[in-house]
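Enquirer: when you get a sec, could you give me coordinates for this:
(one chain, ligands or ions: 2)
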Amino acid sequence: MRYLTFALAKGRLAKKTLEILEQVGYTCEEMKDPDSRKLIFVNEEQKIKIFLAKANDVPTYVEYGAADIGVVGRDTILEEGRKLYEVIDLGLGKCRMCVAGPKEAMELLQHGELIRVATKYPNIAKDYFYNKKHQTVEIIKLNGSIELAPIVGLSEVIVDIVETGSTLRENGLDVLEEICPLSARMVVNQVSMKMQHERITRLITALREVLAKNS
Ligand SMILES: Nc1ncnc2c1ncn2[C@@H]1O[C@H](COP(=O)(O)OP(=O)(O)OP(=O)(O)O)[C@@H](O)[C@H]1O
Ligand SMILES: O=P(O)(O)OC[C@H]1O[C@H](OP(=O)(O)OP(=O)(O)O)[C@H](O)[C@@H]1O
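Expert: Ligands and ions are numbered 1, 2, ... in the order given. Predicted coordinates for the structure are as follows:
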C-alpha cells in the first residue's frame with residue numbers, strides 16, 4: 001500500500017487537527033515531542049506520513065501532489081487559489097473575514113471612495129472589492145498586526161480575520177462589513193482523489209462520524 005501523506009498547517013490549527021486525526025485512528029507519537037526539530041513523521045504500520053508546514057504553503061504541497069491531503073483555514077485556500085478538492089469542513093478555528101476600521105470609514109465605504117485597504121490577504125480583498133462590490137481600492141499588503149494600519153494612517157480600512165473581536169476593540173476599530181465565515185478545511189490533491197479513492201473516502205466518512213460525535 002502507498003503512503004498517504006498529510007500536510008497540516010502549523011500554528012493555531014495544528015494541535016486540534018492532530019487530535020481529530022487521532023480520533024480516526026491516525027497517530028504519530030513522535031510528533032508529540034515538543035523539542036523535536038524533525039519535519040516529517042512516518043507511521044509505518046498505518047502507512048501515513050504527516051508534516052507540518054507554513055499555512056500558506058499547504059495548498060501548494062497539495063496541488064503538486066507532495067501531500068495527498070492538507071488541513072488549512074479557508075482563508076488560506078481562498079487566498080492561494082490552488083487547484084484542489086475541498087472535501088470537509090472540520091469546524092476548527094472558526095472566525096470571519098471582515099472589512100474593519102474606525103467607524104468614520106463606514107461612510108467612505110458606502111460612497112465607494114478610492115480608499116486604501118491594508119491586508120495579509122490581497123487576493124481575497126481584491127475579489128471582494130473589485131468583483132463583489134465593484135469598488136476601486138488600493139490594496140496594501142502587510143504581513144501581520146494589520147490593525148495598526150488605520151491607526152497610523154497607512155490605510156483607511158483593513159481586511160482581516162476577526163475571531164473574538166478583542167484586537168479590534170482594544171484598538172478602537174469596528175467590523176464594518178463581513179466578507180465570509182471561515183474554518184479549517186480538509187483539501188485533497190485531485191489525482192490522489194482518483195488513485196487513492198477508497199482510502200480517502202473511508203477517511204472522509206470516519207471524519208464525518210467523529211465530527212458528528214464531537215458536536
Ligand atoms: N484569531 C485568529 N487569527 C488568525 N487566524 C485564526 C484565528 N482564529 C482562527 N484562525 C485560523 O487559523 C489559521 C492559522 O492561523 P495562524 O495564526 O496559526 O497562522 P498564520 O496567521 O498563517 O501564521 P503566521 O502568524 O505565521 O503568519 C488561520 O489561517 C485561520 O484560518
Ligand atoms: O478577533 P481576535 O480574537 O482578536 O483575533 C483576530 C486577530 O488575530 C489574528 O492575528 P494574529 O494573532 O495571527 O497575529 P498577526 O497580527 O501577527 O497576524 C488576526 O490577524 C487578528 O489580528
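
Enquirer: pop out the phi and psi values for the residue minimising distance to the centre of the chain.
Expert: With distances taken as CA atoms, centre = their mean, the residue of the chain nearest its centroid is Gly73 (1.8 Å). Backbone geometry at Gly73, expressed as degrees, to the nearest 10, gives phi -70, psi 150.

Enquirer: who's sitting farthest from the centroid in the protein?
Expert: His111 (31.2 Å).

Enquirer: next, give phi and psi for that residue.
Expert: phi -90, psi 0.

Enquirer: follow-up on the earlier one: the residue nearest to the centre of the chain against Ser183, yeah?
Expert: Yes: using CB atoms under 8 Å, Gly73 is in contact with Ser183, at 7.3 Å. Where you see a C-beta, it was placed from the backbone N, CA and C, and this is true even at glycine.

Enquirer: shared neighbours of the two, anything?
Expert: Taking CB atoms under 8 Å, 6 or more residues apart in numbering as the contact rule, Gly73 and Ser183 both touch Gly93.

Enquirer: near ligand 1, which residues of the chain are found?
Expert: Counting by CB under 6 Å from any ligand atom, the chain comes close to ligand 1 at 9, 11-13, 55, 73, 75-76, 93, 95, 144, 161, 163, 182.

Enquirer: can you do 5 Å?
Expert: Proximity of the chain to ligand 1, by CB under 5 Å from any ligand atom, involves residues Gly11, Arg12, Ala55, Gly73, Asp75, Gly93, Cys95, Ile161, Glu163.
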